[in-house]
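> Provided below for reference: sequence and predicted model.
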There are 2 protein chains.
Amino acid sequence: MPQTDPAPSAFDAATAVTRAEGGGMVADLDPGWDVGGGILNGGYLLATAARAAVLDSPHPHPVALAASYLRATGPGRVSLAVTPGPAGRTLAHSSVVLSGAEGPSLAVQVTTATLGTEAPDYALPAPDVPPAEECLGPDSFTSIGGRPTLEVGLRTRVETRLDPATAGWVDGQPSGEPVMRGWVRLADGREPDPYALILFADVLPPTSWALGRFGWAPTVQLQVLVRALPAPGWCLVEARASEVAGGWLDEDYRIWDSTGRLVAQSRQLARAPRPR
Amino acid sequence: MPQTDPAPSAFDAATAVTRAEGGGMVADLDPGWDVGGGILNGGYLLATAARAAVLDSPHPHPVALAASYLRATGPGRVSLAVTPGPAGRTLAHSSVVLSGAEGPSLAVQVTTATLGTEAPDYALPAPDVPPAEECLGPDSFTSIGGRPTLEVGLRTRVETRLDPATAGWVDGQPSGEPVMRGWVRLADGREPDPYALILFADVLPPTSWALGRFGWAPTVQLQVLVRALPAPGWCLVEARASEVAGGWLDEDYRIWDSTGRLVAQSRQLARAPRPR
């Protein structure tokens, strides 16, 4: 039997970065990765910027990314300017600025290195969550807070299964604890890698929904740490806010792979949706 | 009785940033804020960079900082280049590069805004820790892992009282959990403010010491979120690693003020000290 190539990954195509004639890099941002209103998801944008950094790095993997979201970004052609910093045998630094028609929209500090799969010396175990097939699929949350979730492109690109213990808001019974957990995987069937983990680091609905505060929570600054190469299969994502105050919200993500290994973390500062 | 001015703050003087003739800004980094070997503390450097960002911002407070530590920084004259980004009514973005004799050593994405003291809508409560006077002062850890801690300048500039529950390593009995808690305040008597919180976001000994892995854990990337103006008095700092693997270590800080209000958070990726 001849081997057939796997179908091209929609995620790989949507985050592809190529060198531009005359220097610099470009990407064509895909309108399908939106979070509503024509605005693209922050993790999707950051994964694209990470590809640009790695293209100009002596090291193969993004391990730390810290991004300021300067303005909302829509689909279409963007340029990516990579400025290399010090590079050594273990790691290299660079900065990436992603610019669209309105000017710079994302500025990122990136550290690249080589990730592995060796057993950790210490790692926080994964929380106890029912298997994906017992969690809530998108049919369970077709409309939340008045917004039809299936019209948000991100939910069709990333399969999401929410832990019922953190999804009371689906039935109008917010838990009062700003915590959300769910299994996620790329809908195109592609197995997770560091770029998918960067996407997953901003993939769940805002934790403020568990406080009954629906609406968009635009990211202001996001840091993602990728800690290991993930095993194939579902990833478990937990998001938790420590404080909602003065119109601001933080969200702390931890991501475990299908073996229960902690493979990524993130923290973001976002503007909080207003109470109703 | 005439009012007398309070003594000038050593912290304010050590982090002072002034405009240079011909443009740009300069600071004179104080050798007293070292962590050994003539290397300055990462939180001290970041507080200095934050002052530069605020000097060029329409908003008064640093609320989010994401820094790449490009190379170790020693004392002496440094330049600070601030590049403003989009600025609005609520917040403004900028980037700051701190450069010494060897070139750029710290690159920071900064968000500025206005912080308040209003009660949060939701906030993680402070952990239960004995009062500062029942915790371990620097006399209890004059030598740790073969390094005389009192010769580390940072410990004389920041009063530190460690929670005995997380300080077993002081007596050669590491807890095995990479968690450290302590009360901190500036030794110069100055009350905390956002710049002090940035300093405190990298102030405890590495959490790997609680695993019996002593030595320096150089910061690679650090994000600090300042959430509110802190009340006067001691601040409670908790640091926690989620994973130690492949020579890397993360540290997650939460900082509460003397009223128990969560006022800052940070997360860093660092190189882990080697096991002995």
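Happy to help now that I have it. Fair warning: this is a prediction, and the values are worked out from it, not measured in the lab.
> can we go C-alpha only for contacts and neighbour counts from here?
Will do.
> and the gap between A:Val82 and A:Val96?
Distance, A:Val82 to A:Val96, by CA to CA, to the nearest Å: 5 Å.
> so what's A:His59 closest to, chain neighbours aside?
Nearest residue to A:His59, sequence neighbours excluded (CA to CA, 6 or more residues apart in numbering or on different chains): A:Ala113, at 4.9 Å.
> ok, which stretches of the stretch 101-250 of chain A are helices?
Along the stretch 101-250 of chain A, the stretches classed as helices by DSSP state H, counting those that start in this stretch are A:153-157, A:194-200.
> alpha carbons only: can I get the last one in CSV?
In other words, helix A:194-200. The C-alpha atoms that make up helix A:194-200 are tabulated as CSV, following Å, rounded to 0.1, in the frame of the first residue of the first chain:
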residue,chain,number,x,y,z
PRO,A,194,4.4,24.1,20.3
TYR,A,195,2.4,26.4,17.9
ALA,A,196,-0.8,24.6,18.8
LEU,A,197,0.0,25.1,22.5
ILE,A,198,0.4,28.8,21.9
LEU,A,199,-3.0,28.8,20.3
PHE,A,200,-4.5,26.9,23.2
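> contacting residues around it?
Outside helix A:194-200, the residues that touch it by CA atoms under 8 Å, 6 or more residues apart in numbering or on different chains are A:42-44, A:46-47, A:50-51, A:61-62, A:184, A:186, A:224, A:226, A:228-230, A:237, A:255, A:263-264.
> so which residues on chain A come close to chain B?
Along chain A, the residues adjacent to chain B under the rule CA under 8 Å from any CA of the partner chain are A:64, A:66-68, A:70-71, A:85-86, A:93, A:107-111, A:115-116, A:118-124, A:220-221, A:223, A:225, A:227, A:242-246, A:262, A:267, A:269.
> packing partners of the helix or strand harbouring A:Val96?
Here A:Val96 sits within strand A:92-100, counting by DSSP states H and E. With contacts defined as 3 or more CA pairs under 8 Å, 6 or more residues apart in numbering or on different chains; DSSP states H and E, the secondary structure elements packing on strand A:92-100 are helix A:42-55, strand A:76-87, strand A:103-113.
> make CSV from the ones you listed and add mean neighbour count and mean pLDDT to it.
Output for those, formatted as CSV (neighbours: other CA atoms under 10 Å in any protein chain shown; pLDDT from 0 to 100):
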stretch, mean neighbour count, mean pLDDT
helix A:42-55, 25, 98
strand A:76-87, 18, 97
strand A:103-113, 24, 98
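> and the nearest residue to A:Pro232 once chain neighbours are set aside, what is it in contact with?
The spatially closest residue to A:Pro232, leaving aside those adjacent along the chain, is A:Glu191, at 5.3 Å (CA to CA, 6+ apart). Under the criterion of CA under 8 Å, 6+ apart, the contact list for A:Glu191 reads A:Arg185, A:Pro232, A:Gly233.
> which of those residues are buried, as a PyMOL select command?
Those of the contacts of A:Glu191 that meet the burial criterion (16 or more other CA atoms under 10 Å in any protein chain shown) are gathered into one PyMOL selection, given here:
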select buried, chain A and resi 185+233
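> so which of the contacts of A:Glu191 would you say is closest to A:Ala210?
A:Arg185 (22.2 Å; CA to CA).
> ok, the closest one touching A:Val203?
No - in terms of CA atoms under 8 Å, A:Arg185 does not count as a neighbour of A:Val203; the distance is 10.5 Å.
> what sits against the residue nearest to A:His59?
Applying CA under 8 Å, 6+ apart as the definition, the contact partners of A:Ala113 turn out to be A:His59, A:Pro60, A:His61, A:Pro62, A:Val63, A:Thr90, A:Leu91, A:Ala92.
> among those, who's most crowded?
Note: the member of the contacts of A:Ala113 with the most neighbours is A:Pro62, at 28 neighbours, neighbours being other CA atoms under 10 Å in any protein chain shown.
> skipping adjacent residues, who's closest to that residue in space?
Taking CA to CA, 6+ apart as the measure, A:Pro62 lies nearest to A:Thr112, with 4.4 Å between them; neighbours along the chain are not counted.
> for the one you found, list each beta-bridge partner.
Beta-bridge pairing for A:Thr112 (DSSP bridges): A:Pro62, A:Ala92.
> so what pLDDT did the residue positioned nearest the centre of chain A get?
If you average the C-alpha coordinates of chain A and look for the closest C-alpha using CA atoms, centre = their mean, you land on A:Leu199, 2.5 Å from that point. A:Leu199 is assigned a predicted lDDT (pLDDT) of 98.
> with A:Ala53 as the reference, measure out to it.
For A:Leu199, the distance to A:Ala53 - CA to CA - is 16 Å.
> contacts only, for the residue nearest to A:Pro62.
For A:Thr112, the contacting residues are A:Ala53, A:Val54, A:Ser57, A:His59, A:Pro60, A:His61, A:Pro62, A:Val63, A:Ala64, A:Leu91, A:Ala92, A:His93, by CA under 8 Å, 6+ apart.
> out of those residues, which is nearest to B:Ser140?
Closest to B:Ser140, out of all of the contacts of A:Thr112 and judged by CA to CA, is A:Ala64, at 35.5 Å.
> okay, and the beta partners of the closest residue to the closest one other than its chain neighbours?
Take A:Ala64 and drop its neighbours on the chain: the residue closest to it by CA to CA, 6+ apart is A:Leu225, 4.5 Å away. In this structure, A:Leu225 has the following beta-bridge partners (DSSP bridges): A:Ala64, A:Gln265.
> end to end, how far does stretch A:52-62 reach?
Looking at stretch A:52-62, the gap from its leading to its trailing residue is 10 Å under the measure CA to CA.
> who touches it?
By CA under 8 Å, 6+ apart, the list of residues contacting stretch A:52-62 from outside reads A:17, A:25, A:50, A:80, A:82, A:84, A:87, A:91-92, A:94-96, A:110-115, A:194-195, A:226.
> so where's the stretch 101-250 of chain A uncertain?
For the stretch 101-250 of chain A, applying pLDDT under 70 flags the ranges A:141-151.
> report the secondary structure state of A:Gly32.
Assigned by DSSP: H, G, I helix; E, B strand; the rest coil, the conformation of A:Gly32 is helix.
> surely it and A:Gly153 touch.
Yes - if you go by CA under 8 Å, A:Gly32 and A:Gly153 touch, sitting 5.0 Å apart.
> and A:Val263, what does it touch?
Contacts were defined as CA under 8 Å, 6+ apart; by that measure A:Val263 touches A:Leu197, A:Val226, A:Arg227, A:Ala228, A:Leu229, A:Pro230, A:Arg254, A:Ile255, A:Trp256, A:Asp257.
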